[in-house]
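1. fold the following and give me the result.
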Amino acid sequence: MVNQNQIKLAVTSIIEAIGEDPLRENLMGTPERVAEMYAELFSGLDVDPRTELSVSFDEGHQEMVILKDIPFYSMCEHHLLPFYGVAHVGYVPSPSGRVVGISKLARVVEIFARRPQLQERMTRQIADAIFEVLQPDGVAVVVQAEHLCMIMRGIKKPGANVVTSAMRGTFRSKPATRSEFMSLIQGK
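-> Just a heads-up that it's a prediction; the model follows:
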């Protein structure tokens with residue numbers, strides 16, 4: 001649970017540390033606003049994404065299922081600056097053909113994104129959660145994002161995208177399955 005009172009005190013200290021007056025008219029409500037924002041941005045810390053995948057349906061579907069271009073926003077844990085982009089999630093159901101409601105895949109992405117994160121870890125966590133709960137033949141996750149820590153500071157390279165992937169099961173062991181997924185998410 002995010003401690004909003006502690007965040008308010010910390011933000012007040014930061015405002016003072018940069019040489020500003022926390023009682024200045026436009027800064028007076030900033031600690032509260034930041035605390036509320038952090039509670040929202042880090043709400044995934046209190047949620048188990050696996051519960052989103054607990055309800056599935058016996059559809060007899062044994063072909064690839066893909067949800068692509070899932071927008072997300074997260075916070076880089078190194079600088080507490082946002083990174084944002086899209087995630088593409090695919091899976092091949094187990095031979096039983098059980099599928100999950102497609103919105104559940106987007107919710108898993110959202111929950112992992114709403115934590116202090118590294119893109120590499122987030123990509124892996126999404127794949128592992130889906131693979132663990134659904135027990136499909138395979139899972140593929142590709143995440144493409146821009147990181148404000150690379151745009152606003154340091155190297156200052158706007159437009160640079162980080163692409164990460166995590167492949168499980170048939171997406172790792174069968175190049176044709178992986179190739180089909182990559183082709184479909186690229187729209188080719």
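2. contacts and neighbour counts: CA atoms only from here.
-> OK.
3. quick one: contacts for residue 63?
-> Residues in contact with residue 63, defined by CA atoms under 8 Å, 6 or more residues apart in numbering, are 92, 93.
4. wait, is it part of a strand?
-> No. Residue 63 is assigned coil when assessed by DSSP: H, G, I helix; E, B strand; the rest coil, not a strand.
5. let me know the pLDDT of it.
-> Residue 63 is assigned a predicted lDDT (pLDDT) of 96.
6. and the helices in the protein?
-> Ranges of helices within the chain are 4-17, 30-41, 102-113, 119-134, 148-151, 170-173, 175-185, based on DSSP state H.
7. give me the number of residues near the closest residue in space to residue 74 that isn't next to it in sequence?
-> Nearest residue to residue 74 in three dimensions, chain neighbours excluded: residue 113, at 4.8 Å (CA to CA, 6 or more residues apart in numbering). Residue 113 has 27 neighbouring residues, counting by other CA atoms under 10 Å.
8. for residue 35, see how far away residue 113 is.
-> Distance, residue 113 to residue 35, using CA to CA, to the nearest Å: 18 Å.
9. got it, and residue 131?
-> For residue 131, the distance to residue 35 (CA to CA) stands at 34 Å.
10. name the residues of the helix or strand of the chain with the lowest mean pLDDT that are buried.
-> Here the helix or strand of the chain ranked lowest by mean pLDDT, DSSP states H and E is strand 56-58, holding a mean of 92. Within strand 56-58, no residue is scored as buried using 16 or more other CA atoms under 10 Å.
11. just stretch 169-184 next, same as before
-> Quick answer for stretch 169-184 (16+ other CA under 10 Å): 169, 170, 171, 177, 178, 181, 182.
12. centre of the chain to that stretch, how far?
-> How far stretch 169-184 lies from its chain's middle: 22 Å, per CA atoms, centre = their mean, to the nearest Å.
13. give me the contact list for it.
-> Against stretch 169-184 from outside (CA under 8 Å, 6+ apart): 66, 90, 136, 137, 138, 139, 140.
14. residue 58: which of those residues is nearest?
-> In terms of CA to CA, no member of these lies closer to residue 58 than residue 136, at 12.8 Å.
15. what residues are up against that closest one?
-> Contacts of residue 136 by CA under 8 Å, 6+ apart are 91, 92, 93, 94, 169.
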